[in-house]
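>>> Got a sequence here, can you build the structure:
(chains A, B and C)
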Amino acid sequence: MSWPSKRDPDWKYLQSVQYGTHGNFPRLSYPTFFPRFESQDIIPPDDFLNSDEELDCVLFGILRGQVVGLRYYTGVVNNNEMVSLQREPDNPYDKNAIKVNNVNGDQVGHLKRNLAAALAFLMDNKLVQVEGVVPFGANNAFTMPLHMTFWGKEENREVVLDQLKKHGFKLGSTLKDLGLSSENSLVSGRSGPRYNMPAHVAVQMTAEQLKTEFDKLFEDLKEDAKTNEMEPAEAIGTPLLPHQKQALAWMISRENSKELPPFWEQRNDLYYNTITNFSVKQRPENVHGGILADDMGLGKTLTAIAVILTNFADGQPLLSNRREKNHPRKEYKDKTVKRRGNNTNNEADGLSTETSRCGGEPVISHIQEMNKFLTSKVSSFCPKRRKISVEYTESSDSEKIETSELAQKMKGSSKVKEDTTFAHALTSSAPVTKKKMLKKGASVMEGLKKCDTGERSRATLIICPLSVLSNWIDQFGQHIKSEVHLNFYVYYGPDRIRDPNLLSKQDIVLTTYNVLTHDYGTKDDSPLHSIKWLRVILDEGHAIRNPNAQQTKAVLDLEAERRWVLTGTPIQNSLKDLWSLLSFLKLKPFIDREWWHRTIQRPVTTGDEGGLRRLQSLIKSITLRRTKTSKIKGKPVLELPERKVFIQHVSLSEEERKIYQSVKNEGKAIIGRYFTDGTVLAHYADVLGLLLRLRQICCHIHLLTNGISSSGSSGNDTPEELRKMLIRKMRLILSSGSDEECAICLDSLTFPVITHCAHVFCKPCICQVIQSEQPHAKCPLCRNNIHGDNLLECPPEESACDSEERSNMEWTSSSKINALMHALIELRTKNPNIKSLVVSQFTTFLSLIETPLKASGFMFTRLDGSMTQKKRVESIQCFQNTEAGSPTIMLLSLKAGGVGLNLCAASRVFLMDPAWNPAAEDQCFDRCHRLGQKQEVIITKFIVKDSVEENMLKIQNTKRELAAGAFGTKKPDANEMKQAKINEIRTLVDL
DNA sequence: ACCGCCGGGTGCC
DNA sequence: ACCGCCGGGTGCC
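Below you'll find the model as predicted:
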C-alpha cells in the first residue's frame, strides 16, 4: 500500500460535491414516506470544508453505527483508526449510499443502509459533518462497528436531530451511548482519538493563552538539528552569518533526511500514524523540505541560494568546474543525439545566451555579467509588461543551440506550440516526421510530455512574486562566485520558451506566481507542470494561503522531490493559512483538508490541548523561524543598530489653524448629525473625506482637494452622476492612504469595488456574500440591499490634470515643511553624508517638498507608486549608491515598494504624516532598518498638535493591541467591525 | 400446516 | 456469518 500522489476520483469528489450539482440525486434518494425539506428551507451553504464557518462547528453528539460490506473492498483499518465518510449518490443500488474510507482514501466498506438513509440528506446539504472512528473489530471479515461524531452549526442542530429521529436514531453524548463502559473505552490504549465531550469543547482558550502557546512553537531553538552550523559550498562567495549557517545545516539535513515524517512511527514491520492510527507497510517518505519562516531581513534568499548550491546533487555541492568527471550533467550529455564540433570556443565560457547567437549581443561569460545583463533587461522591459526571456545554456550542448536557433526562427510564425514541436524533433532520439509535426499539436505534445516526465530533473524551480524577481537575480549575481557556471533561466515574459526539455536541463529556473498560474490555466500543458523538479522553492509562500485561489492550485500541482516555503509570516490571519503550506509540502495526512481540520485545526481553535500539542510538534519539525530579536549563543541573530522613534510636535501657523478649525467645525456638525441619525456608516466615505481634509491641512493647505463635496448625493442624481460620485468616493477611500481593510476578509483591499451604499470591499469577497445571501443580499456594513450588477470598479486613474492644476499655484511653505527643512539643514550641517527618507502618504505633498529641497541645494531622488518599474530601480540604485554627489534624500511614498525594498543607505526617516495602520509605518521603517544597516536609525514623526493626527496616534495604539492578541481569536464579525469603525470615528473627530 | 420446526443457501450498498 | 434472513421440505409420539 502506498500513498498515491493524487487520489483522483475520491479526492476530487470530496472537493467538488455541492448541493445541487448532481441535479438528480437529492430528489430520488430520500425515502418519500418522510416529509422532505424543500430546498428553500435550507440555505445551500458553500462547500462545507471550504467555508469559514467550519470554525463555528459545535458537537451535536455521537452515535454508534456499522460498517458493512468489508469483504468487497481492499481498504483496511486499525482499531481506533479514523475513517472518513463520503456520499456516493451514484451508487446504483442505493442513492443514499455512504462510503467509509480509511485515512489513505481506500474504501473500507459502506454505512449500513438504514443509517445511510438517515444521513444522506444531512450530508448532502452540509447540515452536519459526520466523522468516524472504528473503535474495535478492525479485523472483522464482514462488518465492523463505527463511532460517529456529529458536528455542525448550532442553528442546524434541531434539523439534524429531527431528521435522525425520523429514521429512529438518537444522538448520545457519553461513551455509554456508544455501547461501552468507560472501562472499555480506555483499554484501547495509546494515541486513539480523544473525544472531548461537549462541555469541554465549548470552553475556549483565551486569545492571550493561544498567542503565548503559539509563540512557543517557534521559540525552541535548543534542538541540535537547528543549532548545527554548516559552511556553504565554495561556490558561494558571501560569508554566511551564524544563523544562516544554522538554517543551511537544518535545511540540508531535512532535504537528505531519512527520518520518518512527523507523527509516524515504526512498529514491527508496519508504520503507524499516531494521530489517525492509520498504518502502512511501505515506509512513508519524509518531507524533504519545510518552511523557512525567518523574519524579513534575515537573509532567506541568500540561505536558499546556499542550499541550492550546497546540496546540489546527490547530497554533494556544486563543483566549480563543471567538467569534472562526476559532473551531474554527464547523464544528459550521454543522451545527446548529435554534436556540433565547432562550438568549443564557447564552452570555456560555460554560459552563453540565445541572444548572443541570434541577436548579435556579446556572449555573456559569467554569472555577474549575466546578472547585469538580465537586470537591465528585466528592469527595462518590466514597465511595458513586455519582458524578455534570456536563455542560458552550455554551448557545448549542440542540441540546445539548434533548438534555440530554430525556436528563434519559428518566432516569426508566433506559434509557441510549433516551437516546441520543433524542439522536440531535434532533441528526441526518435525521429519525428514532418507529417507528424504538422499534425495537431496535441499528440506531439503528449509524446513530448511523456519523454519529460520519465525522470527527475536536477533543476530547482523558484517561484516568487514579480516584485522580488529582480532581487533574486541580483542576489544570485552577488553571492555566487564569478567563475561558477550555472544554467539559469528566467521563465518570464511573452517570449519565454515553453519547452520542458530546455527547462528541465537548467540548474535554476526562476518564475513568478502569475506566470505559473497563467500557464497552468491555458489549455496546453504547462511546461512547469510536466517536469519533476529536484526542488521547488516558494518565495513569499503565504501567496498560496487561499486554498481556493487558482494560484494555489497551480502551485500544489507541481511535482518536486524537495519543497521549500520561504515566508516571513507563515500564519497571517489564522491557522487556516498553514494548510496550503502543509499541503504543498505533501505532509500526510494533512494534504486532505478533512484530516487537517479534524486533527489540528478544529482541536486547536476549540482549545483542545492535544490539538495544540500536535500543532506544536508539527511546526517544530518542519519550520525554522528566527526573529530579528532571536539569539544564537547569547548573541542577537542580527546585530542591528538601534532604532529610535521620536515624535516631533508641530504647531500650525495662525492661518493654517484658522482653516483647520473652520473645516473641522463644519465637518463635526455634519458628522454629529450622522451620529444622532445613526447613519455614520452609511456616510462612511464622507467621514473619511472630512478626515482626509483635516490630515491634508496638517501637512499643507494646498493639499486640500476642492473636488470632493461633503454633501454627497441629493437623491435625485442621474445614474451617471451617481456612478461618478461613487467612483470619486472610492478613489478617495483608496487614495487617502487610510489603508482600508475589506470588512469581509479583513485584509487590505484587493481588486476593490464600491457598492451603491458607498462601501468598499474586495470584489471576490462581496461577490461571495451576494452569492450566498441571494436573492436578497445586504451590505455587510449597513444592511442596505446590494446587487452584483451594482458594484462599481475603479477605472484606471487619469491623473495628470490634478497635479498640473496644482503646479500652477504659487508655492508656499507650511509649518510641517518648515519643521522638516529645519531638521534636514541641521542634519546636513552636522554630517553631510547621512541619507534620509522623507515619507508621506500624499504624493502631492512630496511634490511640494521638492521645491524647498531644490532651493536649499539638496540632492534628492523619489520613489512612489506611480513610477514605472524601470524608474524605481534607477531611483533605488541611485539612492543606495554611496559615492560623493549621490542623493542624500529620498522622497518616499508610504506604501511604495514591496517587502523586499532595501533602502539601508538611509539612517534617518522623517515620517511627515501618521498612517492609520501602525504596521504600514513599521514596514516602512524596516526598509532602512534591516540587514546592511550600519548606523543607528533615527525616525522622526511629525505630528500636528491638537489635531486629527494626535487622535490617529491613539487609534494606532488600539490597533497595535488588537494585532498583538490576534492569533486564534475569531475574526470580528460585521457587527463588531461596524462598532469598531464607529468608535474610531468618534475618537478621530472628538465626539 | 393459512402453522412451527428443521437445515441448506446465502450474505453491502 | 459461531449470525439473521430467506424459502423449501416437512409434519404425532
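>>> alpha carbons only for contacts and neighbour counts from here, please
Will do.
>>> Name the residue of chain A that lies nearest to DNA strand B.
A:Gly69 (3.3 Å; Cα to the nearest atom of the strand).
>>> can I assume that residue is in contact with A:Phe142?
Yes: the criterion here is Cα atoms under 8 Å, and A:Gly69 meets it with A:Phe142 at 5.8 Å.
>>> Name the residues contacting each of the two.
With Cα atoms under 8 Å, 6 or more residues apart in numbering applied, the contact sets of A:Gly69 and A:Phe142 do not overlap.
>>> between the two, who's got more neighbours?
The residue with more neighbours, out of A:Gly69 and A:Phe142, is A:Gly69; 16 against 13, by other Cα atoms under 10 Å.
>>> Excluding covalently adjacent residues, which one is nearest to that one?
Nearest residue to A:Gly69, sequence neighbours excluded (Cα to Cα, 6 or more residues apart in numbering): A:Gly109, at 5.1 Å.
>>> Name the helix or strand for whichever residue of the stretch 751-900 of chain A sits closest to DNA strand C, please.
Taking Cα to the nearest atom of the strand, DNA strand C has its nearest neighbour within the stretch 751-900 of chain A at A:Ser772, 44.3 Å off. Assigned by DSSP states H and E, A:Ser772 belongs to helix A:763-773.
>>> can you check A:His243 too?
helix A:242-255.
>>> So which elements touch the top helix by length along chain A?
Ranked by residue count and defined by DSSP state H, the top helix of chain A is helix A:654-677. On a contact count with 3 or more Cα pairs under 8 Å, 6 or more residues apart in numbering; DSSP states H and E, helix A:654-677 meets helix A:684-699.
>>> Output whichever strand or helix holds A:Leu837 as CSV, nothing but the C-alphas.
For A:Leu837, the enclosing helix or strand under DSSP H and E is strand A:835-840. Below are the C-alpha coordinates for strand A:835-840, written out as CSV (Å, rounded to 0.1, in the frame of the first residue of the first chain):
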residue,chain,number,x,y,z
LYS,A,835,21.0,59.9,4.0
SER,A,836,17.3,60.4,4.9
LEU,A,837,14.0,59.1,3.8
VAL,A,838,11.2,61.6,3.7
VAL,A,839,8.0,59.7,3.8
SER,A,840,4.4,60.7,3.2
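>>> For stretch A:456-471, give the mean pLDDT please.
Averaged across stretch A:456-471, the pLDDT comes to 88.
>>> Now do that stretch: everything it contacts.
By Cα under 8 Å, 6+ apart, stretch A:456-471 touches A:308, A:313, A:375, A:378-379, A:503-514, A:531-540, A:897-898, A:900.
>>> Repeat that for stretch A:505-521.
Contacts of stretch A:505-521 (Cα under 8 Å, 6+ apart): A:332, A:393, A:457-466, A:469, A:486-492, A:503, A:525-529, A:550-551, A:554-555.
>>> List buried members of the contacts of stretch A:456-471 by neighbour count.
Among those, those classed as buried by 16 or more other Cα atoms under 10 Å are A:308, A:313, A:375, A:378-379, A:503-514, A:531-540, A:897.
>>> quick one: which of the residues you listed sit in strands?
Within the buried ones among the contacts of stretch A:456-471, residues falling in strands by DSSP state E are A:508-512, A:532-539.
>>> TSV for those, including distance to DNA strand B?
What follows is these, written out as TSV (distance: Cα to the nearest atom of the strand, whole Å):
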residue	distance to DNA strand B
A:Ile508	50
A:Val509	49
A:Leu510	49
A:Thr511	47
A:Thr512	47
A:Lys532	38
A:Trp533	40
A:Leu534	42
A:Arg535	42
A:Val536	42
A:Ile537	44
A:Leu538	43
A:Asp539	47
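>>> Just the buried ones from the contacts of stretch A:505-521, in ChimeraX syntax?
Buried subset of the contacts of stretch A:505-521, written as a ChimeraX selection, criterion 16+ other Cα under 10 Å:
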select /A:393,457,458,459,460,461,462,463,464,465,466,469,486,487,488,489,490,491,492,503,525,526,527,528,529,550,551,554,555
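>>> Give me the subset of the contacts of stretch A:505-521 lying in strands.
A:Thr393, A:Thr460, A:Leu461, A:Ile462, A:Ile463, A:Cys464, A:Phe488, A:Tyr489, A:Val490.
>>> I'd like the distance between the fifth one and A:Asp495.
Using Cα to Cα, to the nearest Å, one gets 18 Å for the distance from A:Ile463 to A:Asp495.
>>> Name the residues linked to A:Arg267 by a beta bridge.
Beta bridges link A:Arg267 to A:Leu270, judged by DSSP bridges.
>>> so how many other residues sit close to it?
9.
>>> tell me the pLDDT at it?
A:Arg267 is given a pLDDT of 92.
>>> Check A:Asn790 too.
For A:Asn790, the predicted pLDDT is 81.
>>> Quick check: which element contains the spatially closest residue to A:Phe925 that is not a sequence neighbour?
Excluding its sequence neighbours, the residue lying closest to A:Phe925 (Cα to Cα, 6+ apart) is A:Val909, at 7.2 Å. In this structure, A:Val909 sits in strand A:906-911 according to DSSP H and E.
>>> what's the angle from that strand to strand A:835-840?
Going by axes from the mean of the first three to the mean of the last three Cα atoms, to 10 degrees, strand A:906-911 is angled at 20 degrees with respect to strand A:835-840.
>>> Okay, now the sheet partners of strand A:906-911, with direction.
Strand pairing (DSSP bridges) places strand A:906-911 next to strand A:835-840 (parallel), strand A:937-944 (parallel).
>>> Which strands or helices does the helix or strand following the first one pack on?
Think strand A:835-840. Using DSSP H and E, the helix or strand that directly follows strand A:835-840 along the chain is helix A:843-855. Counting contacts by 3+ Cα pairs under 8 Å, 6+ apart, helix A:843-855 is packed against helix A:815-830, strand A:889-893.
>>> circling back to that earlier point, want to throw the strands paired with strand A:906-911 into CSV with mean pLDDT, mean neighbour count and distance to A:Leu578?
Shown next, in CSV, are these (pLDDT from 0 to 100; neighbours: other Cα atoms under 10 Å; distance: least, Cα to Cα, whole Å):
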stretch, mean pLDDT, mean neighbour count, distance to A:Leu578
strand A:835-840, 96, 26, 34
strand A:937-944, 96, 22, 34
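>>> A:Glu265 and A:Asn273 touch, don't they?
Yes: using Cα under 8 Å, A:Glu265 makes contact with A:Asn273 at a distance of 6.6 Å.
>>> and the ones in strands among the contacts of stretch A:505-521 near DNA strand B, which?
Filtering these for proximity to DNA strand B by Cα under 7 Å from any atom of the strand leaves nothing.
>>> Tell me which two in the residues you listed are the farthest apart.
Across the ones in strands among the contacts of stretch A:505-521, the longest distance by Cα to Cα is 22.3 Å; it joins A:Thr393 and A:Cys464.
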